[in-house]
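1. Quick one, what's the 3D model for this:
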Amino acid sequence: MSLFTKLARNSIWLLLARIGAQACMVIVTYLLARRLGTAGFGEYAFIATAIVIGNTLTTFGSDMYIIREIAAKSDFSALPSVLMLQLVLSILFIVCVFLLDPHLPNQRPESMLALKVYSLALIPLAFFTVFTSMLRGAQRMTSYAWLNFLVPAVQVIAIFVFIQRGTGIVTLAWLLLGIQTLGTVLGGVFCAGLFPGFWQGLSFSWDTFKSLFVACLPIALIAIVGIVYQKLSLTMLSFLGTASMVGLFSAAARVIEAARMGHVAACTVLYPAMANTDQDSLSRGTIRLSWILLLAISIAGSILLFLLAKPIVEIVFGAEYRSSIPVLKVLAFTLIPYTVNSFLSLLFLAKKKEKIVLRVLTVSVFMLLTLNFWLIPRAGQVGASWAILITEITQAVLFLLAWLNSSFHQVDNVHVKGVQYELSDLS
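-> A predicted model of the protein is given here:
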């Protein structure tokens, strides 16, 4: 099987799994919105967001690091240190939740207890992240896809059975903790079947732990800056605009997130292949071809979203969201620079050039901040969408310039080494 066929097959499997998981999340949202009521659903949204942020912080970029090491060298030796790092950070985050609990404003005691309970899910999540990183690094994407589908499917069944009208938010938190624990067990079963005896011979070392922390720090900073970049426009719109503007912008943004699922699936598959340092020219050509196909798909998708913005908004969200149509038309064209940015950022991470990604993202955050301050007061949610499009295009230009500069340096190095070899041969 050729590399391109393998990547295409894995991407399709992962895309189908993500579509299935997204459908499960829609069902979960539907069930909880109706069975918890508006107040309970708002508390659930707050708790879920807090744990998502906590998981991002406690992962500390170690997942991307270990995927790169496994894909490039088939090196599993850092797994104990990765797990220990995530467990230590998870425990620290849980302690912070318990300490800060009395000081969080506008929250009921039940909501705070639920947050404490669900924060404990970060412990099994640490194991789950290690298991999924192993699957991705070893390019066992079929198993990874099944795991990503089974956990949301179990969540749908559990919520349908156990969460009824009048159920408290604390009960839901305990249920979600149980589901995450079950998902971790499933991940362990998958890895035990695919990598029999992978723990044998592995040992924890403080020296490895310290070097891992230093190695993951740039990736962790990228993740933090990336979160700020992704959430900045929505946050600023809530401060500089109105709740209605936020709702209209969010509706269009959800459509774009759904449109990116295919790109996310493809990039998830491509990253381990990029990290393989033993790539031959055929493999590099396959990755380049994959990028070209993603660009072609993004161009077609942008045009379709622009043309179909009106029926999409009216059918999915209703006539009261018609003001989202111009927002969606602008955001539709972010798919093209997004393809460039996501591909090249992963390429730089795979080649251990995290500083380039961090610099570009930092510039993008300041640019988006400035544009939002200027455009939101003048054009509301449409101004926020233009700020994102302009920033995404600028970010793509910066990544392309960095990539071209890096490519030229590689060519120069190869040329110099070739001349040195010829001179030594003559001598």
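
2. from here on, contacts and neighbour counts on C-alpha atoms
-> OK.

3. all helices in the stretch 1-150 of the chain, in order from the N-terminus.
-> Taking DSSP state H, counting those that start in this stretch as the test, the helices found in the stretch 1-150 of the chain are 3-59, 62-73, 79-100, 109-119, 122-137, 141-162.

4. show me the contacts for L232.
-> Residues counted as contacts of L232 (Cα atoms under 8 Å, 6 or more residues apart in numbering) are 365, 368-369.

5. Tell me the secondary structure at it.
-> Here L232 takes the helix state, with states given by DSSP: H, G, I helix; E, B strand; the rest coil.

6. From V28, how far out is it?
-> Relative to V28, L232 is positioned 27 Å away (Cα to Cα, to the nearest Å).

7. Run a quick neighbour tally on F366.
-> Here the number of neighbours of F366 (other Cα atoms under 10 Å) works out to 13.

8. Specify the residue ranges that define each domain of this protein.
-> Using automatic domain parsing, the domain parsing of the chain gives 3-204, 245-412.

9. Export those domains as CSV, with columns for distance to I224.
-> Output for these, formatted as CSV (distance: least, Cα to Cα, whole Å):
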stretch, distance to I224
domain 3-204, 7
domain 245-412, 10
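
10. Output the ones you listed in JSON lines, with distance to I222 and mean pLDDT appended to each entry.
-> Output for these, formatted as JSON lines (distance: least, Cα to Cα, whole Å; pLDDT from 0 to 100):
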{"stretch": "domain 3-204", "distance to I222": "8", "mean pLDDT": "80"}
{"stretch": "domain 245-412", "distance to I222": "5", "mean pLDDT": "82"}
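
11. pretty sure V82 is in contact with V130, am I right?
-> Yes. Counting by Cα atoms under 8 Å, V82 touches V130, with 7.4 Å between them.

12. Between those two, which contacts overlap?
-> The overlap between the contact sets of V82 and V130 (Cα under 8 Å, 6+ apart) consists of D63.

13. one step back: neighbour-wise, which one of the contacts of L232 leads?
-> Neighbour counts for these, by other Cα under 10 Å, peak at L368, which reaches 23 neighbours.

14. ok, it touching I388?
-> Yes. Using Cα under 8 Å, L368 makes contact with I388 at a distance of 6.6 Å.

15. Give me the common contacts of those two.
-> Contacts common to L368 and I388, judged by Cα under 8 Å, 6+ apart, are S233.

16. what's around V225, how many residues?
-> Around V225 there are 17 other residues, counting by other Cα under 10 Å.

17. for T370, same thing?
-> Residues lying near T370 (other Cα under 10 Å) number 12.

18. Show me what whichever helix or strand it is part of is packed against.
-> Assignment of secondary structure by DSSP states H and E places T370 within helix 354-426. Using 3 or more Cα pairs under 8 Å, 6 or more residues apart in numbering; DSSP states H and E as the contact test, the elements touching helix 354-426 are helix 206-240, helix 243-259, helix 325-332, helix 335-350.

19. Most tightly packed of the ones you listed?
-> Comparing these by mean neighbour count (mean count of other Cα atoms under 10 Å), helix 325-332 ranks first with a mean of 24.

20. Restricting to C-alpha, output that helix in CSV.
-> Provided in CSV are the C-alpha atoms of helix 325-332 (Å, rounded to 0.1, in the frame of the first residue of the first chain):
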residue,chain,number,x,y,z
ILE,A,325,-25.2,35.4,6.8
PRO,A,326,-22.6,38.2,6.1
VAL,A,327,-20.4,36.9,8.9
LEU,A,328,-20.4,33.4,7.4
LYS,A,329,-19.6,34.8,4.0
VAL,A,330,-16.5,36.4,5.3
LEU,A,331,-15.4,33.6,7.5
ALA,A,332,-15.9,31.1,4.6
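
21. Give me the contact list for that helix.
-> Residues outside helix 325-332 that contact it (Cα under 8 Å, 6+ apart): 249, 252-253, 255-256, 301-303, 305-307, 309-310, 313, 381-382, 385-386, 388-389.

22. Run the angle between the helix or strand hosting S298 and helix 325-332 for me.
-> Using DSSP H and E, S298 falls within helix 281-307. On the basis of axes from the mean of the first three to the mean of the last three Cα atoms, to 10 degrees, helix 281-307 is oriented at 170 degrees to helix 325-332.

23. what's helix 281-307 packed up against?
-> The elements that helix 281-307 packs onto, with contact taken as 3+ Cα pairs under 8 Å, 6+ apart, are helix 3-59, helix 261-275, helix 325-332, helix 335-350.

24. so what secondary structure elements neighbour the helix or strand following it?
-> Proceeding C-terminally, helix 281-307 gives way to helix 309-316 as the next helix or strand, assigned by DSSP H and E. If you count contacts as 3+ Cα pairs under 8 Å, 6+ apart, helix 309-316 packs onto helix 325-332.

25. what distance separates the helix it packs on from the centre of its chain?
-> 23 Å (Cα atoms, centre = their mean, to the nearest Å).

26. distance of F131 from A72?
-> From F131 to A72 the distance is 17 Å (Cα to Cα).

27. Please say which of these two ends up with more neighbours.
-> More crowded of F131 and A72, by other Cα under 10 Å: F131, with 25 against 21.

28. which ones are touching the more buried one?
-> Neighbouring residues of F131 by Cα under 8 Å, 6+ apart: 184, 187-188, 191.

29. Return the member of these nearest to N341.
-> Here the nearest of the contacts of F131 to N341, counting by Cα to Cα, is G187; it sits at 30.4 Å.

30. Against which helices or strands is the host helix or strand of that closest one packed?
-> Assessed by DSSP H and E, G187 sits inside helix 169-194. Here helix 169-194 touches helix 3-59, helix 109-119, helix 122-137, helix 141-162, going by 3+ Cα pairs under 8 Å, 6+ apart.

31. Return the set of buried residues in it.
-> Neighbour-count burial for helix 169-194, with 16 or more other Cα atoms under 10 Å as criterion, is recorded at 169-170, 172-188, 190-191.

32. Keeping just the C-alphas, turn stretch 152-165 into CSV.
-> Extracted in CSV, the C-alpha atoms of stretch 152-165 (Å, rounded to 0.1, in the frame of the first residue of the first chain):
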residue,chain,number,x,y,z
PRO,A,152,-18.9,10.0,22.8
ALA,A,153,-21.3,7.2,21.9
VAL,A,154,-21.1,5.8,25.4
GLN,A,155,-21.7,9.3,26.7
VAL,A,156,-24.9,9.6,24.6
ILE,A,157,-26.3,6.3,26.0
ALA,A,158,-25.3,7.1,29.6
ILE,A,159,-26.9,10.5,29.5
PHE,A,160,-30.0,9.2,27.8
VAL,A,161,-30.5,6.6,30.5
PHE,A,162,-29.3,8.3,33.7
ILE,A,163,-30.0,12.0,33.2
GLN,A,164,-33.7,12.8,33.4
ARG,A,165,-35.6,16.0,34.1
